[in-house]
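S.K.: sequence first, then the predicted structure, then my questions.
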Amino acid sequence: MADMKTFSESDYFRKKKIQKIIIYIVLLLIAIYTLAPLYFLLVNSFKGNVEIIDSPLTLPKSWSFQYIISAASEIHFFKALGITAFITAASVSLIVLVSSLAAWIMVRNKSKASSFVYLCFAAAMLIPFQAIMYPLIQLFEDASLKNIGGLIIMYGGFGLSMSAFLYHGFAKGVPRGVEEAALMDGCNIFQIYSQVVMPLLSSITVTVIILNAMWIWNDYLLPFLVIGNTTHKTLVLELYFARILAGQYGNPWELIFPAVLITILPMLAIFLSLQKYIVKGISAGAIKS
Amino acid sequence: MNIYKKWFWPLVAPALILFIAVILVPFVVGFVNSFLAWRGTYYFNPETNSRATNILQSFVGLTNYKEALQDERFMHAFWYTIEYTIIAVIAINVFALALAILLDNISKGAGALRTTYFLPNMLGGLALGFIWQFIFQIVYTDILFAPDSILHNEFLRYMTQNSNKAMFALVILNIWQYAGYMMIIYTAGINNIPVDFYEAASLDGASAWVKFKKITVPMLMSSFTVCLFLVIANSFKMLDQNIALTNGDFNTRMLALQILRTVKDTTPPNYGRAQAQAVIFFVIIAIVSITQVRVTSKRELEY
């Protein structure tokens, strides 16, 4: 009897082990599939057109940077990088400041006006960009704001509602007693906000920064409509116009591959260095909202 | 505390002003303009065939809506988007949930795998769309699924040059890009399910499938609400990948791209009609999203 039992038990564990091995194999295959496009991107950034078409899967014959260098100058890489970084940083700062202030005071001052404003922000999330883009561009053009400054304001408006929503959920968890104690100590409202509330909201601030930065950095349509084909383009716009221009003569893969590679490189670097916060931040945002 | 009341409007004001300037006013103007012969920079007077001297003269009633609904390209884009959304919502969520559950079963290396699956989401849709265009046109067509390959499959070749196939190409691209994001949301939901639920079920002799059906799915309802909402919105508004893969050629325009191209298809650019299409677009998204959130959140459990 005892033997029977140990036999079936070891059988059970063997079954579990096989199951685990199968899971690992499946997950690894999916991981390879996920990384494959990035592999193509990397190896083909060092090849000329002929080599790309003839042997797209193999390592390049020589790791020469000539295609990357000419792509970088073609899309004005450093200038575009600076512009993209500036637009992203300014827009995200605006979103964080404005939405946290509004969400926090809305949680603290429960009133009809407060719930009405909340409702407006919630409704705004349902409006697709396409429904307002043409009048928006026209209005901003009339106000001489069809430029990078106007673009930042627009991002402020679009990023606002979801961010205010996230802050609203988390501001409820800030203990009111701490704020009142700070008030007793003679702090004014801005000191309470910056020294008491914001530090307690830092985890959701990370989420808000990540979600908005990802979207704004990679956005194509809004910069296309606002900046268009001028001399101050973002990275995505430079890439788009380079593709359109060169695409008139067939597919210019020897330009596209290195251009895509260098445009995603900054985001890739940021992601790899901050991956823990990013994954955590997205889970945090999803649970509360 | 009175201080909060006193400071309510000053602190809400910046957000409110941004909301009014960027969302509310353009939305209202856009709605009004969908009833006008709007040409972008000016208003047209259809009776005198010249520029309208005041806005009322360019009022055309429901003409823009009628034209939009009779526009073959718009209607094609409409059904194309609906079909794409149904397929993509199911495919992305099934894939993401499967990844989350599989990852929940292992411990070593789970973090690295999770990071890998999420990675494509950080990279832009337009940039990666160009790379996928290459994959579909060269790697899929000439190598992986070519006639002399053991995986030979005609359906997976020349995917970007056919309306139907391109829809599945878009699905493949978007699973690759979004499943990792949704996986993280499902993982967060799975981690919130108390382990004793599963232990109790195991003692009662429940199979893995029964546990999945009776515990995992009901307990994940709030994750379903979020993920379905995000994927539905994303699929309806899909633009960058659409432009990068086919640029709307071969009858592959989705609604977002159609609204963008309507002003290029017409001379002089008919912004009024594009705006009517945009209003229809908004109504569909609002109805679908509200219905979905209502239905799934009704099934959320409190415990």
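M.R.: Great, that's in hand. Numbers count the residues shown, from 1 in each chain, chains lettered A, B, ... in the order given.

S.K.: next, count neighbours for A:T205.
M.R.: For A:T205, the neighbour count with other CB atoms under 10 Å in any protein chain shown is 18. (Glycine included, C-beta is placed from N, CA and C.)

S.K.: quick one: it and chain B, what's the gap?
M.R.: According to CB to the nearest CB, to the nearest Å, A:T205 stands 16 Å off from chain B.

S.K.: and B:A68, helix, strand or coil?
M.R.: The three-state label given to B:A68 by DSSP: H, G, I helix; E, B strand; the rest coil is helix.

S.K.: wait, isn't it in contact with B:A278?
M.R.: No. B:A68 is beyond contact range of B:A278, at 9.4 Å (criterion: CB atoms under 8 Å).

S.K.: which parts of the helix ranked longest in chain B are buried?
M.R.: Longest helix of chain B, by residue count under DSSP state H: helix B:72-104. Using 16 or more other CB atoms under 10 Å in any protein chain shown as the test for burial, helix B:72-104 gives B:74, B:77-78, B:80-82, B:84-85, B:87-89, B:91-93, B:95-97, B:99-104.

S.K.: would stretch A:261-278 count as contacting chain B?
M.R.: Yes. Judged by CB under 8 Å from any CB of the partner chain, stretch A:261-278 comes into contact with chain B at A:T263, A:I264, A:M267, A:L268, A:I270, A:F271, A:Q275, A:I278.

S.K.: give the buried subset of these as a ChimeraX selection command.
M.R.: One line in ChimeraX is enough to select the buried members of the residues of stretch A:261-278 next to chain B, burial here meaning 16+ other CB under 10 Å:
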select /A:263,264,267,270,271,275,278
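
S.K.: out of the residues of stretch A:261-278 next to chain B, which is nearest to A:K172?
M.R.: Relative to A:K172, the closest of these is A:I278; by CB to CB it sits at 24.3 Å.

S.K.: residue of the stretch 151-289 of chain A closest to chain B, please.
M.R.: The nearest approach of the stretch 151-289 of chain A to chain B comes at A:G157, 2.4 Å away (CB to the nearest CB).

S.K.: is it true that that residue touches B:L18?
M.R.: Yes. With contact defined as CB under 8 Å, A:G157 reaches B:L18; the gap is 4.4 Å.

S.K.: sorry, back to before: give the contact list for the residue of the stretch 151-289 of chain A closest to chain B.
M.R.: Residues near A:G157 by CB atoms under 8 Å, 6 or more residues apart in numbering or on different chains: B:L18, B:F19, B:A21, B:V22, B:I23.

S.K.: name the element it belongs to?
M.R.: helix A:148-171 (DSSP states H and E).

S.K.: what's the span of stretch B:48-60, first residue to last?
M.R.: Stretch B:48-60 has an end-to-end distance of 13 Å (CA to CA, to the nearest Å).

S.K.: touching chain A at all, that stretch?
M.R.: No. Taking CB under 8 Å from any CB as the criterion, stretch B:48-60 and chain A are apart, separated by no less than 13.2 Å.

S.K.: ok, and what's touching that stretch?
M.R.: B:F35, B:L36, B:A37, B:W38, B:Y42, B:Y43, B:F44, B:N45, B:P46, B:E47, B:G272.

S.K.: quick one: mean pLDDT for it?
M.R.: What stretch B:48-60 shows for mean pLDDT is 86.

S.K.: sketch out the low-pLDDT regions of the stretch 151-289 of chain A for me.
M.R.: Scanning the stretch 151-289 of chain A with the threshold set as pLDDT under 70 gives A:248-249, A:287-289.

S.K.: hmm, back to that, so of the residues of stretch A:261-278 next to chain B, which ones are in strands?
M.R.: In strands, judged by DSSP state E, none of the residues of stretch A:261-278 next to chain B are found.

S.K.: turn the residues of stretch A:261-278 next to chain B into JSON lines, including distance to A:G173.
M.R.: Shown next, in JSON lines, are these (distance: CB to CB, whole Å):
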{"residue": "A:T263", "distance to A:G173": "39"}
{"residue": "A:I264", "distance to A:G173": "36"}
{"residue": "A:M267", "distance to A:G173": "31"}
{"residue": "A:L268", "distance to A:G173": "34"}
{"residue": "A:I270", "distance to A:G173": "28"}
{"residue": "A:F271", "distance to A:G173": "28"}
{"residue": "A:Q275", "distance to A:G173": "26"}
{"residue": "A:I278", "distance to A:G173": "22"}
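
S.K.: quick one, what contacts B:W176?
M.R.: Contacts of B:W176 by CB under 8 Å, 6+ apart are A:Y33, A:T34, A:P37, B:P120, B:W132.

S.K.: and the pLDDT for it?
M.R.: Note on B:W176: pLDDT of 97.
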